[in-house]
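> the following block contains a protein sequence and its predicted model.
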Amino acid sequence: MPVYEYKGKKGIIYYIVYSYNGRRKTEHVGKDKKLAEAVLHKRLTEIAENRFLDIRKERKIKFEDFADEYLQLHSELKRSYNTDKKIVSLLKNFFGGKYLYEITSLDVERFKSVRARQAVKRAKAKKTISPATVNRALAVLKSIFNKAILWDKIERNPCKGVEMFKENNQRLRFLEKEEIDKLLSNCCEHLRPIVIVALHSGMRKGEILKLKWPDIDIKRNIIHLLDTKNGEKREVPMNRLVQKTIIGVLKHPDSQYIFCDKDGKPYGDIKKSFFTAINNSDIVNFHFHDLRHTFASQLVMSGIDLNTVRELLGHKSLEMTLRYSHLSPDHKKRAVDVLEQNLHKLGSQTAGNLQEIVSLENNRFFTLSELIDNKEVGI
């Protein structure tokens, strides 16, 4: 059967017609005639080889069922699996009963609006979900529908055209010394060494919880990170406190993990115990990742240059590290002070050389100071 065309408001649109199980089927392809011909050839081949999937029948898939399949086949291999799992649970509560094809862009906009107005659980003050958190959920939802299209379950993504919220990525919360002391005093036994390592190494939570004993080089005072966020290996230097803290952790006889439970399994998350410690310390608006900010901030305020901080944090570029630059208010002054000292030294040398020149040949010439002060002298 041929490829058909019709003229719409946006130009010529191509569609194909073919027969399956004695029924006529029509499928709109788009503005590309060659693509329409290729799709028609594919459909006829699938029908001939008994591999054809009736898209309309496949559409009878509920969102909650496909979301579970998405988690199992796609997200399970991602580093963000645990986070994705929580987001998918949230999405299922909102969209779960609907079929995939029933969900519209308006539904996605409604989810975005409802989610943005929801309150943060366990927050002391009234606080709504951040734009970044809403955006993470929208990103997972978009990924789910993209996979549904790729796997021939639906033909369109309702997330298309739905804009993300603008995020404030400049948030920079770090602890003062007094807050650090309070936090450490309120940490439970298994949490305290983890917090100390975070404060003195700048490692991410996931990197710390995955640490194994073979990763620690006591002789060189180095931690070898093999599984990092950007996929690159990294060496993290240990100060004496970090070394002492790690050595002091009771080694589990049946586990290579440094920070593990009584069964030798690495901690899945420490959010609950950390939240308790933060609350008991009367510290507000603070997350575990902010310990990394604290590490970097304290270094910058101690005069450590940004490129060294970048290397310690494992940033690929200096752009991410520049967010800490304002914490070093004296760095510009130090720069011009160095320039002043160098120029002053150069000026002194130049003046000395001129002084020596004008004093030669039995005081044949006036000294430089006399030349400047004596207006009657002309040269």
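On my side now, so go ahead.
> Glu167 sits in which helix or strand?
Assigned by DSSP states H and E, Glu167 belongs to no helix or strand.
> what's the neighbour count on the residue lying closest to it once chain neighbours are set aside?
Nearest non-adjacent residue to Glu167, counting by Cβ to Cβ, 6 or more residues apart in numbering: Ala132, 4.8 Å away. In short, each C-beta sits where N, CA and C put it, glycine included. Neighbour count for Ala132, taken as other Cβ atoms under 10 Å: 14.
> number the chain from 257, please
Yep, numbering from 257; the last one is Ala388 now.
> Ala388 in helix, strand or coil?
helix (DSSP: H, G, I helix; E, B strand; the rest coil).
> that one touches Met420, doesn't it?
No. Ala388 lies out of contact with Met420 (Cβ atoms under 8 Å); the separation is 9.4 Å.
> tell me, how many residues neighbour Ser529?
If you count neighbours by other Cβ under 10 Å, Ser529 ends up with 18.
> got the contact list for it?
For Ser529, the contact set (Cβ atoms under 8 Å, 6 or more residues apart in numbering) comprises 443-444, 446-447.
> switch to 7 Å and redo it
Applying Cβ atoms under 7 Å, 6 or more residues apart in numbering, we find Ser529 in contact with 444, 447.
> so how far is Lys500 from it?
Shown here: Ser529 relative to Lys500, a distance of 22 Å by Cβ to Cβ, to the nearest Å.
> just checking, Ile272 touches Glu261?
No. With contacts counted by Cβ atoms under 7 Å, Ile272 stays clear of Glu261, the gap being 10.4 Å.
> more crowded one of those two?
With neighbours defined as other Cβ under 10 Å, Ile272 and Glu261 compare such that Ile272 has more, 22 against 14.
> so the more buried one, which state does it fall into?
At Ile272 the chain is in strand, as set by three-state DSSP.
> where does Lys572 sit: helix, strand or coil?
Put simply, Lys572 is coil when judged by three-state DSSP.
> any idea how far Gly487 is from it?
Distance of Lys572 to Gly487, given as Cβ to Cβ: 10 Å.
> how about Gln512?
From Gln512 to Gly487 the distance is 22 Å (Cβ to Cβ).
> which one of those two is surrounded by more residues?
Set Gln512 next to Gly487 and count neighbours by other Cβ under 10 Å: Gln512 wins out with 14 against 8.
> so that one makes contact with Leu467?
No. Using Cβ under 7 Å, Gln512 is not in contact with Leu467, being 9.4 Å away.
> need the strands for the stretch 357-506 of the chain, in chain order.
For the stretch 357-506 of the chain, applying DSSP state E, counting those that start in this stretch gives strands covering 472-473, 478-481, 490-493.
> pull the residues that contact the helix or strand where Ala292 lies.
If you go by DSSP H and E, Ala292 is part of helix 289-304. Helix 289-304 is touched from outside by 259, 270, 272, 274, 276, 283, 285, 308, with contacts defined as Cβ under 7 Å, 6+ apart.
> quick check, pLDDT for Ile464.
Per-residue pLDDT puts Ile464 at 95.
> how much space between it and Leu574?
24 Å.
> of those two, who's got more company?
Neighbours per residue, other Cβ under 10 Å: of Ile464 and Leu574, the larger number sits with Ile464, 23 against 12.
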